[in-house]
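Novice: Give me a 3D structure for the following:
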Amino acid sequence: MKAFIRKSEIQKVVKRLNLSDARIRTQIGDALGYAGLNVESQAKVNAPVNLNRLRSSIQHDLDRKNLSVSIKAGGTSPKGDLFYAPFVEFGTKRKVRVPAGYSQFAAQYKGSRRGNFQQLLKAIAQWVKDKRIDPEATFPIALSIAKNGIRAQPFLIPAFERERQPLLQRLKKIKP
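Specialist: Purely as a prediction, here's the structure:
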């Protein structure tokens, strides 16, 4: 799962700048890197913690050449167990909550990389064990999640929204 600021927003702000000027490109890259780090840090604070895998998967990636920064959460590990970031962010089934303006972004994850009930049982069994809950609760919990979904626990979008305007303001302050 990646968050991004639309290129058009940044282009409006930096169109007055000479992007071939190395000093300007450095300042823009610095502003993007600072924003990426801020979003990463805040998303980690916002992320729900179970085994700390989701929180530790959040990272920003600055591309100075293309003047872009992306913030990633989840992804896939060799075991394929971190695909669930969008489901945590937006919820599932009847409990999906997509913030205004993010429908298209959320739609790319709808129905993607769905696991099966056995994978859900395995994950819940591990969670039950870690939380020292009676193992007999595993099946009813998994069944409830499969039937009703999980509530949204937004972590990335709130962090991103919090940093959007400060980034645009920093970019506006760059002198041509």
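Novice: Number of residues surrounding S57?
Specialist: 18 (other CB atoms under 10 Å). (Glycine included, C-beta is placed from N, CA and C.)
Novice: That one reaches Y84, doesn't it?
Specialist: No - at 10.2 Å, S57 does not count as touching Y84 under the criterion of CB atoms under 8 Å.
Novice: what residues do those two have in common as contacts?
Specialist: Here S57 and Y84 have G74 as joint contacts, going by CB atoms under 8 Å, 6 or more residues apart in numbering.
Novice: Per-residue pLDDT of the nearest residue to R94 once chain neighbours are set aside, please?
Specialist: Nearest residue to R94, sequence neighbours excluded (CB to CB, 6 or more residues apart in numbering): G149, at 5.6 Å. Listed pLDDT for G149 reads 92.
Novice: Can you pull the phi/psi pair for G149?
Specialist: phi 90, psi -170 (degrees, to the nearest 10).
Novice: biggest helix in the protein by residues?
Specialist: helix 22-46 (DSSP state H).
Novice: then the helix or strand that it is followed by to PDB, C-alphas only?
Specialist: Using DSSP states H and E, the helix or strand that follows helix 22-46 in sequence is helix 53-57. C-alpha atoms of helix 53-57 as PDB (Å, rounded to 0.1, in the frame of the first residue of the first chain):
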ATOM      1  CA  ARG A  53       5.000  -6.300  11.800                       C
ATOM      2  CA  LEU A  54       2.700  -3.700  10.200                       C
ATOM      3  CA  ARG A  55       4.300  -0.900  12.100                       C
ATOM      4  CA  SER A  56       7.900  -2.000  11.300                       C
ATOM      5  CA  SER A  57       6.900  -2.400   7.600                       C
END
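Novice: Name the next helix or strand downstream of the least confident helix or strand in the chain by mean pLDDT, please.
Specialist: Among the helices and strands of the chain, strand 2-3 carries the lowest confidence by mean pLDDT, DSSP states H and E, at a mean of 65. Following strand 2-3 in sequence order, the next helix or strand is helix 7-14 (DSSP H and E).
Novice: helices or strands next to that next one in the packing?
Specialist: helix 156-172 (3 or more CB pairs under 8 Å, 6 or more residues apart in numbering; DSSP states H and E).
Novice: Next, the angle from the helix it packs on to helix 22-46.
Specialist: Interaxial angle of helix 156-172 relative to helix 22-46 (axes from the mean of the first three to the mean of the last three CA atoms, to 10 degrees): 160 degrees.
Novice: Great, nothing more from me.
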